[in-house]
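> here is a sequence together with a model predicted from it:
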Amino acid sequence: MSIELRDVHKAFGERVILEGVTLEVREGETMAVIGYSGVGKSVMLKTIVGLLEPDQGTAWVDGQDVGSLAREQLYELRRKVGYVFQFAALFDSMTVAENVAMGLRRIRGMGEQEIEARIAEALRLVELEGFQDRYPSQVSGGQRKRVGLARAIATRPKYLLYDEPTTGLDPVTTAVIDRLVLKLEQELGVTSIVITHNMESAYRVARRIAMLYQGRIRFVGTPDEIKQTTDRVVRAFIEGRPELAQEAAA
């Protein structure tokens, strides 16, 4: 099974965000989605998990049309999807372990011993063993991101959605997060979408890269293919050369 968007449109009042997005993320791959700020990348992720309903078109996850699911079916599907928020979205009054356990406590029939084992497993995978009793204020920015990642994987999802996981991080910490993204793909076999503005991150983690531009997918290809593209709009973004975009629009 895979993640697929078919001709997805979404507007907020007069502001059109998505205008016919069609994209397939293959099973077991990590796809990076790039694009300018405000272009609709996060809207696309929220459509995939049913937090937003498209005005037109469909989002398919694990062979199911997300928009057609009843509430209980949607909750069941969301258990298969881990969501890594841009700023980790941790609760400061809760310990690391309590933050990681949030999704686990919604699973019926899971005992305290199993929850503790899952917390330890998730923290080991993100290389934060022994951090259970710390509070978010007691860890670094990069470690907060990793706690958010641990929370996302604790439920053992089939799919991981990352909303700009390296925003605000220094280059070394960014490389650590990128390495963990690859590690989780290899060890857990998850299918992932990584929203990012960081091209170095995109090149490191993605098997394919898609660019969202003016409400549609402008480009899809491997890192090597995007580096060699002749599309001036795509090159303007990946090379940081706005004059190319201006020439393309002329």
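Noted; the coordinates are in hand.
> parallel or antiparallel, which strands does the host helix or strand of residue 211 pair with?
Following DSSP states H and E, one finds residue 211 within strand 208-213. Paired strands of strand 208-213, with direction, are strand 30-34 (parallel), strand 216-221 (antiparallel) (DSSP bridges).
> show me which positions of the longest one end up buried.
Judged by neighbour count (16 or more other Cβ atoms under 10 Å), strand 216-221 contains these buried residues: 216-220. In this view, the C-beta of every residue, glycine as well, is placed from N, C-alpha and C.
> what mean pLDDT does the longest helix along the chain get?
The helix of greatest length in the chain, counted in residues with DSSP state H as the criterion, is given as helix 171-188. When pLDDT is averaged along helix 171-188, the result is 88.
> chain center to whichever helix or strand comes after that helix, what's the gap?
Where DSSP H and E defines the elements, the next helix or strand beyond helix 171-188 is strand 191-195. The gap between the average C-alpha position of strand 191-195 and the chain average comes to 4 Å, counting by Cα atoms, centre = their mean, to the nearest Å.
> now do the contacts for residue 91.
Residues near residue 91 by Cβ atoms under 8 Å, 6 or more residues apart in numbering: 98-99, 136.
> among those, name the ones in helices.
Taking DSSP H, the ones among those that sit in helices are 98-99.
> was I right about residue 132 contacting residue 123?
Yes. With contact defined as Cβ atoms under 8 Å, residue 132 and residue 123 form a contacting pair (6.8 Å).
> give me the beta-bridge partners of the residue positioned nearest the centre of the chain?
The central residue of the chain, meaning the one whose C-alpha is nearest the mean C-alpha position (Cα atoms, centre = their mean), is residue 162 at 2.0 Å. When bridges are called by DSSP bridges, residue 162 pairs up with residue 84, residue 194.
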